[in-house]
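*Asks:* attaching a predicted model along with its sequence, questions to come.
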Amino acid sequence: MGTLVTVEFKEDGEMTEMRMGMVSSGSPEGTAREMARAGWNKSFDKLEEYLEKGSVSVPRTN
C-alpha cells in the first residue's frame, strides 16, 4: 500500500489557508484506519500549537 500526501498553503489576506489531499493505493481498515486517523489528528494539533506561539517566518524561494 502506497500513499501520496500533498499539503498546499495559500495566502488569504492576513490568514493562510491549508489544504491537504491524500491518494492511496489501498485504504487501511479497522485498527489501522483508527491509528492513521489519530496520527493525522495529532500532527495537525501539533501544527496548530506551533503556529499559535506566534508568527512563523519562512523564506520564499523563486
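*Replies:* That came through, no problem. Residues are numbered from 1 along each chain as shown.

*Asks:* now the strands: where do they sit in the protein?
*Replies:* Remark: strands assigned in the chain by DSSP state E are 3-12, 15-24.

*Asks:* how about those in CSV, adding mean neighbour count?
*Replies:* Bear in mind the C-beta positions are built from the backbone N, C-alpha and C, glycine included. Shown next, in CSV, are the strands of the chain (neighbours: other C-beta atoms under 10 Å):
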stretch, mean neighbour count
strand 3-12, 9
strand 15-24, 10
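
*Asks:* now render those as JSON lines, adding mean pLDDT and distance to residue 38.
*Replies:* As requested, the strands of the chain are exported to JSON lines (pLDDT from 0 to 100; distance: least, C-beta to C-beta, whole Å):
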{"stretch": "strand 3-12", "mean pLDDT": "88", "distance to residue 38": "16"}
{"stretch": "strand 15-24", "mean pLDDT": "85", "distance to residue 38": "15"}
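
*Asks:* turn the ones you listed into TSV, including distance to residue 47.
*Replies:* TSV is the format used below for the strands of the chain (distance: least, C-beta to C-beta, whole Å):
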stretch	distance to residue 47
strand 3-12	10
strand 15-24	8
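
*Asks:* how about those, which one is nearest residue 44?
*Replies:* strand 15-24 (8.5 Å; C-beta to C-beta).

*Asks:* restrict the closest one to CA atoms and write it as CSV.
*Replies:* Extracted in CSV, the C-alpha atoms of strand 15-24 (Å, rounded to 0.1, in the frame of the first residue of the first chain):
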residue,chain,number,x,y,z
MET,A,15,-4.6,34.4,7.0
THR,A,16,-3.2,31.2,5.4
GLU,A,17,-5.4,28.5,4.0
MET,A,18,-4.1,25.0,4.2
ARG,A,19,-5.4,22.1,2.1
MET,A,20,-4.5,18.5,2.4
GLY,A,21,-5.0,15.8,-0.1
MET,A,22,-4.3,12.1,0.1
VAL,A,23,-4.2,9.4,-2.6
SER,A,24,-3.7,5.9,-1.5
